[in-house]
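below are the sequence and a predicted model for it; my questions follow.
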Amino acid sequence: MRLGPTERDRLLIFGTAELARARRARGLRLNVPEATALIADTVCEAARDGLRLAEAIEAGRAVLGPDDVLPGVAEVLTEIQVEAVFEDGSRLAVLPSPIGSATASGQAPGAVLPAGPEEGTDQAYAPRPPALSLTVRNTAEVPVSVTSHFHFFEANPRLEFDRAAAYGMRLAVPAGSSVRLDPGGTAEVGLVPLGGERVAIGFAGLVDGPLDAPGAREEALRRAAACGYLGAGPAIGEEGRS
């Protein structure tokens, strides 16, 4: 059986989550990787069971409390992001403060409270202004959805757009949402640079490493062209061949 990067990542999460469950059953408190995997696996399984995005997120946040993890873990795990497969397609689930709390304020004792928007607003996850707009055409015979934090460069090979311009970018939409492109349809999408450490692991496997490493962009374009991704152009070194 051959597994792609996404399936391998899912198995890694599941295996670590099973280890976390076994250790928790023995009365042990979980470390950061164990807690992360257990929460992420809960979200993925909730999605598989037919729950909606908001319900899956709440299921993940209800799994662990401060007493279930080692000291300091709740302060380190301020947010968990996991892409799960729901009935209507893949969605990015974003879990702020994923470790539950026994306090009335919803925060673990001694936790550092970051400054942010007022409680009950969605400003923390509002979309950023687009840094780039691209015209995208869906040449497939089925609808294609792309989630908010998917590396847009690696989106479905039947989507036709300027792949080189989209390298290192994601959709400028709220976290957890997506853009749907109908068969034969054309849409204008806004993109923003991927943030954080700018490491793309998984997706379609065209990068699988630091986005800004020397030669990474050229190699990703070569792979995309060799695999038939529309808009990637001919494989580097193939332009002059007949």
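Looks like it arrived, so ask away. This one's a predicted model, so the numbers in the text were calculated from it and none came from an experiment.

where does the chain have low pLDDT?
Within the chain, the ranges that satisfy pLDDT under 70 run 101-127, 176, 234-242.

how about the strands in it?
All strands of the chain, identified by DSSP state E, fall at 79-86, 89-96, 132-138, 144-147, 159-160, 169-171, 178-181, 186-193, 199-200, 209-210.

okay if I get those strands as a markdown table plus mean neighbour count and distance to Ile13?
Using the backbone N, CA and C atoms, a C-beta is placed for each residue, glycine as well. Compiled in a markdown table, the strands of the chain are given as follows (neighbours: other Cβ atoms under 10 Å; distance: least, Cβ to Cβ, whole Å):
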| stretch | mean neighbour count | distance to Ile13 |
| --- | --- | --- |
| strand 79-86 | 19 | 7 |
| strand 89-96 | 19 | 12 |
| strand 132-138 | 17 | 30 |
| strand 144-147 | 20 | 17 |
| strand 159-160 | 20 | 27 |
| strand 169-171 | 22 | 21 |
| strand 178-181 | 18 | 21 |
| strand 186-193 | 16 | 26 |
| strand 199-200 | 18 | 17 |
| strand 209-210 | 12 | 20 |
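
distance to Asp41 added to those, as JSON lines?
Below are these laid out as JSON lines (distance: least, Cβ to Cβ, whole Å):
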{"stretch": "strand 79-86", "distance to Asp41": "9"}
{"stretch": "strand 89-96", "distance to Asp41": "12"}
{"stretch": "strand 132-138", "distance to Asp41": "32"}
{"stretch": "strand 144-147", "distance to Asp41": "19"}
{"stretch": "strand 159-160", "distance to Asp41": "30"}
{"stretch": "strand 169-171", "distance to Asp41": "24"}
{"stretch": "strand 178-181", "distance to Asp41": "22"}
{"stretch": "strand 186-193", "distance to Asp41": "29"}
{"stretch": "strand 199-200", "distance to Asp41": "22"}
{"stretch": "strand 209-210", "distance to Asp41": "25"}
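
tell me how far Asn138 lies from Leu132.
19 Å (Cβ to Cβ, to the nearest Å).

ok so, going back, what's the closest of the strands of the chain to Val73?
strand 79-86 (11.8 Å; Cβ to Cβ).

show me the biggest helix of this protein in terms of residues.
If each helix of the chain is counted by residues according to DSSP state H, the longest one is helix 5-25.

what helices and strands are in contact with that one?
In terms of contacts (3 or more Cβ pairs under 8 Å, 6 or more residues apart in numbering; DSSP states H and E), helix 5-25 is packed against helix 32-48.

again, only this time at 10 Å
helix 32-48, strand 79-86 (3 or more Cβ pairs under 10 Å, 6 or more residues apart in numbering; DSSP states H and E).

export that helix to PDB, keeping only CA atoms.
Below are the C-alpha coordinates for helix 5-25, written out as PDB (Å, rounded to 0.1, in the frame of the first residue of the first chain):
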ATOM      1  CA  PRO A   5       2.200  12.700   2.700                       C
ATOM      2  CA  THR A   6      -1.300  13.500   4.000                       C
ATOM      3  CA  GLU A   7      -2.000   9.900   4.800                       C
ATOM      4  CA  ARG A   8       1.400   9.400   6.500                       C
ATOM      5  CA  ASP A   9       0.800  12.500   8.600                       C
ATOM      6  CA  ARG A  10      -2.600  11.200   9.600                       C
ATOM      7  CA  LEU A  11      -1.100   7.900  10.700                       C
ATOM      8  CA  LEU A  12       1.600   9.700  12.700                       C
ATOM      9  CA  ILE A  13      -1.100  11.700  14.500                       C
ATOM     10  CA  PHE A  14      -3.200   8.600  15.200                       C
ATOM     11  CA  GLY A  15      -0.200   6.500  16.500                       C
ATOM     12  CA  THR A  16       0.900   9.300  18.800                       C
ATOM     13  CA  ALA A  17      -2.700   9.800  20.000                       C
ATOM     14  CA  GLU A  18      -3.000   6.100  20.800                       C
ATOM     15  CA  LEU A  19       0.300   6.300  22.800                       C
ATOM     16  CA  ALA A  20      -1.200   9.300  24.600                       C
ATOM     17  CA  ARG A  21      -4.400   7.400  25.400                       C
ATOM     18  CA  ALA A  22      -2.500   4.500  26.800                       C
ATOM     19  CA  ARG A  23      -0.300   6.700  29.000                       C
ATOM     20  CA  ARG A  24      -3.200   8.700  30.200                       C
ATOM     21  CA  ALA A  25      -5.100   5.500  31.100                       C
END
